[in-house]
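> Here is a sequence with its predicted model. Questions after.
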Amino acid sequence: MSEESSQDQQILKIPLYCYHSKPFLVEELALEESYQNLHYGRCCVIGRLAQDSTDSSNWFLENIRLPSLPKKYSLPEGTINLLLSIRNFRRSIPNGKICEIIGECILNDTTIDKTASKIPLTSKDITEKLNYLSTKSPQCVLEYKTFLLTRYKPAISVDDIKVLERGHELAERNIEIRMLSKK
């Protein structure tokens, strides 16, 4: 058996739900390609709220540039966005404002069919399915991962939106705290 096939058959650790709102950058969640590694649970993300120009029912959180980072390590504002699921959010949404979004990290079905019942996935759902498929064949695992990447995108199921006056600074402090806690 090749080394690659033995890796596909290893059992992945089921993630534990995070009950506190862990801070993230938009880029960290939006660019994650290994969906089983996506944060599982509550999170808070700071960015600029934007409404989809083609479908006003879709909202996104765009990345913001952190001033203390050198330009070569930072994307321009609005380059990356994260889909927001606002089904249960009943207040007005401050379009164009820098906000802190608090909610749950999910994977949202991005297919066009609006009539279909779309149930979001979590990294736990994906990990469990990959563990099951790894008992079948490496091909099943590969097909499922391809299916996920073509149909699902990371999103936040929104519980609260807080408009921030100094969002750039708060995002930087969140990153500094994370860096210090890892030492």
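That came through fine. Numbering: from 1, shown residues only.
> Show the pLDDT at Lys129.
According to the prediction, Lys129 has pLDDT 94.
> Within its local environment, how many residues does it see?
Using other Cβ atoms under 10 Å, Lys129 has 16 other residues around it. Where you see a C-beta, it was placed from the backbone N, CA and C, and this is true even at glycine.
> Where do the helices of this structure begin and end?
3-8, 26-30, 123-134, 138-151, 167-181 (DSSP state H).
> ok, and which of the ones you listed has the densest surroundings?
helix 26-30 (a mean of 21; mean count of other Cβ atoms under 10 Å).
> by contact count, what packs against it?
strand 41-51, strand 81-85, strand 152-163 (3 or more Cβ pairs under 8 Å, 6 or more residues apart in numbering; DSSP states H and E).
> The last one - what's its average pLDDT?
If I follow you right, that is strand 152-163. Here the average pLDDT along strand 152-163 is 94.
> What angle do helix 167-181 and that strand make with each other?
110 degrees (axes from the mean of the first three to the mean of the last three Cα atoms, to 10 degrees).
> on that earlier part again, quick one, which of the helices and strands packed on helix 26-30 gets closest to Tyr35.
strand 152-163 (6.9 Å; Cβ to Cβ).
> and that closest one, which residues are buried?
152-158, 161 (16 or more other Cβ atoms under 10 Å).
> Hmm, Tyr17 is touching His39, no?
No - between Tyr17 and His39 there is no contact under Cβ atoms under 8 Å: 10.2 Å.
> neighbour-wise, which of those two wins?
His39 (21 against 10).
> By mean pLDDT, which helix or strand of the chain comes out lowest?
helix 3-8 (a mean of 44; mean pLDDT, DSSP states H and E).
> Tell me where the model's unsure across the chain.
1-9, 112-117, 183 (pLDDT under 70).
> and with 80 instead?
Within the chain, the segments meeting pLDDT under 80 span 1-10, 56, 87-90, 112-118, 183.
> Relative to Glu143, which of the helices and strands packed on helix 26-30 is closest?
That would be strand 152-163 among those, by Cβ to Cβ, at 14.2 Å.
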